[in-house]
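Asks: Mind looking at a prediction? Sequence and model below.
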Amino acid sequence: MEMEATGKSKGEWIFSREFDDTVSYLSDHTKILGFNPFCHAVEQTAEEDIYRWHFRVKDPQQNPFDVIFYIRENQELLVTLPEELQDTDPEAIPDDILNKHVVGRKITWEHHPWQEQIDDPERYIFEGKAFANLLLQPHSSAETKVDFELRVDVKFTLYPAFSIIPEGVIRSMTNAGMSFIMQSATDKMFRSISRDFGRIRAV
């Protein structure tokens, strides 16, 4: 049976480190995903800013599913300019002036279409699509607020044992279960980041 599932997770945390340190740490895409308990491997491809995620999960009978994602990472500096600079070309504003008016940074992960076939249902390997936003904002001189939202879409084939369960029930269970698993994994990832980088508290 073919299924499509969507899972979501989110959270807000206060990092007990100043803004630039937190941005530098969370910009290490491979490192922070390594704390996700379902992340098997992350590697940068030959294309700039394109990463390959390999996640491995198991169904209730402990059968493995491998989900492959290709992700583009983008970063955007968020600046609020004073009125006297609002009509000025940002490229013409010196970096030291821009840095005085930074209000945050947005890190975006989004699905990148891959040119090669990924799905291999006989081996239970499937392509996933992921979309995430990390919004980082100075919270105080020594703290940074991080808002995180993630959505994952996966189309996959269930093992034959699930064919005895009504399709509507499976779809409802799959979406709810996927979001629950993703939220738990996100919380574990940020707890691991806390142990590695410094104290983090949920908002």
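Replies: That came through, no problem. Numbering: from 1, shown residues only.
Asks: Quick check: buried residues in stretch 74-85?
Replies: Across stretch 74-85, burial judged by 16 or more other CB atoms under 10 Å covers V79. Heads up, the C-betas are built off the backbone N, CA and C, glycines and all.
Asks: CA atoms of it as PDB?
Replies: Presented in PDB, the C-alpha positions along stretch 74-85 are these (Å, rounded to 0.1, in the frame of the first residue of the first chain):
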ATOM      1  CA  ASN A  74      19.700  29.700   2.500                       C
ATOM      2  CA  GLN A  75      20.600  32.400   5.000                       C
ATOM      3  CA  GLU A  76      19.100  35.900   5.200                       C
ATOM      4  CA  LEU A  77      20.400  38.700   7.500                       C
ATOM      5  CA  LEU A  78      17.400  40.600   8.900                       C
ATOM      6  CA  VAL A  79      18.100  44.300   9.300                       C
ATOM      7  CA  THR A  80      15.900  47.200  10.300                       C
ATOM      8  CA  LEU A  81      17.400  50.500   9.000                       C
ATOM      9  CA  PRO A  82      16.700  53.900  10.500                       C
ATOM     10  CA  GLU A  83      14.600  56.300   8.500                       C
ATOM     11  CA  GLU A  84      17.500  58.200   7.100                       C
ATOM     12  CA  LEU A  85      19.000  55.000   5.500                       C
END
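Asks: What lies in contact with it?
Replies: 27, 49, 88, 90, 93, 97-98, 101-108, 110, 137 (CB atoms under 8 Å, 6 or more residues apart in numbering).
Asks: try 10 Å this time
Replies: Under the criterion CB atoms under 10 Å, 6 or more residues apart in numbering, residues 23, 27, 49, 86-88, 90, 92-93, 97-110, 134-137 lie in contact with stretch 74-85.
Asks: Please work out the average pLDDT along that stretch.
Replies: Averaging pLDDT along stretch 74-85 yields 83.
Asks: all strands for the chain, in order.
Replies: 2-15, 39-44, 50-58, 64-79, 102-111, 125-140, 143-157, 200-202 (DSSP state E).
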